[in-house]
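# Prediction below, plus the sequence it came from.
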Amino acid sequence: MNPRVPDGLVLACDMRGRISHVIHDSTGVFGASLVGQPLHSLVDRTMRPKLGRFFRQTRRKGATLAWELTVLLGERPEVMNFFGLVRDGHVYVIVSQSPNNIFFLYDEMLGIINDQAAQLRALQQQARAVPSVSDTVALDEFMKVNNELVNLQRELHLSHARLARQEARFRQIIQEHPDSIFVLNQTGKLLFCNTAAQALLEVVPGEGADRERCPLFGQAMAGEYTLHGVDGVERVLDLRHAETTWDDSPARLLSMRDITERKQMEALKEDIERISRHDLKTPLNGIIGLPTLLLLDDNLTPEQREYIGLIRDSGYRMLDLINISLHLFQMETGQYKPRPVPVELLGVLAKVLPDSCRSHGGRQVTAQVLLSGRPVSAGQTFFVLGEELLYHSMLSNLLKNAVEASPPGGEVRVLLEPGEWCTVRIENAGDIPPDFAPRFFEKYATRNKQGGTGLGTYSARLMARTMGGELELDLSRPGLVAVTARLPCPGQDSGRDTPPPAPAKEHA
């Protein structure tokens, strides 16, 4: 709504249709010039017969509502709503562009009329109490009360004009908001919608079958939904709703934000990342294949063979990481289908530990592996159910975090416990602030770690859950950070339908 559009008139007419008093005028066009004029001077000649029928019906029935007539605002015609009421020998006419404003103006008119009637009754009682109406004191009192009444009426008009301007600004903001905004009553009938909402669905407030036109009107949960607009284009909408009131009745406020482009960009980003990771495999063929060929020569020293073997092993580890990253998206969306087999975890740790400790060898952090509380001896095994590649990446991420968080000269302990669920607990000295602990496994959450991405613990728990296990943070002992993994054992179902028990808070 344009703030300059007039909000209405309240006129008092005699029974012949002549305007006797202008109670309210915020059009800025008529003012006191209407007093003494016939009511039909407001409209053009083509509307005068209809206005006559309106006036006669008002006198006959006592009240009429929602007659649309064209009012001449200077040189500009404007379609406005008319409301008529007969009271105390006068015909009161309310004219407004908005039907909702009619009721507001009606309430204000009744308030003014009632106040005037109360003042008149009080003055009549005062007049009866004095010997003559010409009494100077009574006349002065009358003039004083009348002036106060005029001032109050003027203040009321100014307050209403300010309120109307504020309402116009608010409506303009709502209409121009890019989100689609709807207001529905408790039966699902559409009461209001802004410009964006009309463009999305081509709906009109007050029409029936609103739920059939838009299934999202019946949704009670917020979230992302897919909807076909009137143009046939499929859109992804972020739905939000709240309880509100409309015309003093309970209602629901719905907002729909179009996030189609954002979702498309996210999907494109994922596709590009997967393609890039896939293309990295091509140069790895040489990094992995050439060391294998070099090792076939007999003229290499043991030191050269060791170095070439390290190059080949690093290539294989890089290939494993690329394969893992290609699977992470499927894990996040629940599309990854694991192929669980018994995996000997002590062998996986033997491959992971040297690399994890070597990267921070300058800090002299050591690692110790205990099986059922005792150091591991030759020939011992510890089998879990899952995929070796996923366990390799999961343990590598957890051990790397533990080593990096340990103080110089510290020790990382890996505690393995068999049972109904196979338990792997990784401990290191240190602490985590209470405010960061709830975000420890969140994506991109990192703290005081130069070059950290916040993906290590996130991907580790994602892999554990993919294989039917769970990963938990334990800070029950001051000065000790422990991450406990509950993993399925061989001969046991993957555990995807039966989650592992919560890890114990006390460490034996």
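It's in.

# need the contact list for the residue nearest the centre of the chain.
Compute the mean C-alpha point of the chain, and by Cα atoms, centre = their mean the closest residue is Arg240, 5.9 Å away. Listed by Cβ atoms under 8 Å, 6 or more residues apart in numbering, the contact partners of Arg240 are 222, 254-257. Every residue, glycine included, has its C-beta placed from N, CA and C.

# one more time with 6 Å
222, 255 (Cβ atoms under 6 Å, 6 or more residues apart in numbering).

# May I have the phi/psi pair for it?
phi -130, psi 150 (degrees, to the nearest 10).

# Please tell me how far it sits from Arg257.
Applying Cβ to Cβ, to the nearest Å, the value for Arg240 to Arg257 is 8 Å.

# tell me which strands and helices the stretch of helix or strand Tyr391 belongs to is in contact with?
Secondary structure assigned from DSSP states H and E places Tyr391 in helix 388-405. Helix 388-405 makes packing contacts with helix 345-358, strand 422-429, helix 456-466 when contacts are defined by 3 or more Cβ pairs under 6 Å, 6 or more residues apart in numbering; DSSP states H and E.

# same thing but 8 Å
If you count contacts as 3 or more Cβ pairs under 8 Å, 6 or more residues apart in numbering; DSSP states H and E, helix 388-405 packs onto helix 302-332, strand 341-344, helix 345-358, strand 411-417, strand 422-429, helix 456-466, strand 480-487.

# tell me which residues of the fourth one are tucked away?
I take that to be strand 411-417. 411-417 (16 or more other Cβ atoms under 10 Å).

# can you check the first one too?
Along helix 302-332, the positions that meet the burial threshold by neighbour count (16+ other Cβ under 10 Å) are 308, 312, 315, 317-322, 324-325, 327-328, 331.

# OK, contacts around the nearest residue to Ala32 once chain neighbours are set aside?
Leaving out its chain neighbours, the residue that sits closest to Ala32 by Cβ to Cβ, 6 or more residues apart in numbering is Val22, at 6.1 Å. Applying Cβ under 8 Å, 6+ apart, we find Val22 in contact with 9-12, 30-32, 34-35.

# Pretty sure Leu395 is one of the things Gly456 touches, is it not?
No: proximity of Gly456 to Leu395 does not meet the contact threshold set by Cβ atoms under 8 Å, at 11.2 Å.

# can you pull out the strands in the stretch 101-250 of the chain?
Per DSSP state E, counting those that start in this stretch, the stretch 101-250 of the chain carries strands over the ranges 180-185, 190-193, 223-228, 234-246, 249-258.

# chain center to the third one, what's the gap?
Chain-centre distance of strand 223-228: 14 Å, with Cα atoms, centre = their mean, to the nearest Å.

# Would you mind pulling up the elements that it packs against?
strand 234-246.

# Direction included, what does the strand it packs on pair up with?
strand 223-228 (antiparallel), strand 249-258 (antiparallel) (DSSP bridges).

# with the buried residues of strand 411-417 in mind, which one is nearest to Gly379?
Closest approach between the buried residues of strand 411-417 and Gly379, by Cβ to Cβ: Leu416, at 15.0 Å.

# residue contacts, that closest one?
345-346, 369-372, 382, 422-425.

# Domain map for the protein?
Following automatic domain parsing, one finds the domains of the chain at 9-173, 178-258, 264-321, 341-487.

# wouldn't Arg461 be in contact with Leu471 here?
Yes: the pair Arg461 and Leu471 qualifies as a contact (Cβ under 8 Å) at a distance of 4.0 Å.

# Could you tell me which residues touch both of those two?
Residues within reach of Arg461 and of Leu471 at once, by Cβ under 8 Å, 6+ apart, are Phe441.

# low-scoring stretches of the stretch 1-150 of the chain, by residue?
Residues of the stretch 1-150 of the chain meeting the criterion pLDDT under 70: 1-7, 99-140, 142-143.

# what do you get if the cut-off is 80, keeping everything else the same?
Confidence mapping of the stretch 1-150 of the chain against pLDDT under 80 gives the ranges 1-8, 26-32, 65-66, 74-76, 88, 97-150.

# related to what we said a few turns ago, who wins for proximity to Gln335 among the domains of the chain?
Nearest to Gln335, of all the domains of the chain, is domain 341-487, at 10.6 Å by Cβ to Cβ.

# need the domains of the chain in a markdown table with distance to Gln335, can you?
Formatted as a markdown table, the domains of the chain follow (distance: least, Cβ to Cβ, whole Å):
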| stretch | distance to Gln335 |
| --- | --- |
| domain 9-173 | 43 |
| domain 178-258 | 18 |
| domain 264-321 | 12 |
| domain 341-487 | 11 |
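
# Out of these, which one sits most buried?
Greatest average neighbour count among the domains of the chain goes to domain 341-487 (a mean of 17), per mean count of other Cβ atoms under 10 Å.

# and the end-to-end length of that one?
13 Å (Cα to Cα, to the nearest Å).

# Report the mean per-residue pLDDT for that domain.
Mean pLDDT, computed over domain 341-487, is 85.

# who's in contact with Lys50?
Taking Cβ under 8 Å, 6+ apart, one finds 67, 69 in contact with Lys50.

# Assign it to helix, strand or coil.
helix (DSSP: H, G, I helix; E, B strand; the rest coil).

# Check the spacing between it and Thr70 real quick.
9 Å.

# now swap in Leu296 and tell me
From Leu296 to Thr70 the distance is 99 Å (Cβ to Cβ).

# cool, and Gly315?
Where Thr70 is concerned, Gly315 sits at a distance of 84 Å (Cβ to Cβ).

# Kindly reformat the strands of the stretch 101-250 of the chain as a markdown table and extend each row with distance to Ala350 and mean pLDDT.
Formatted as a markdown table, the entries for the strands of the stretch 101-250 of the chain read as follows, by distance: least, Cβ to Cβ, whole Å; pLDDT from 0 to 100:
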| stretch | distance to Ala350 | mean pLDDT |
| --- | --- | --- |
| strand 180-185 | 59 | 84 |
| strand 190-193 | 65 | 83 |
| strand 223-228 | 45 | 80 |
| strand 234-246 | 47 | 85 |
| strand 249-258 | 52 | 86 |
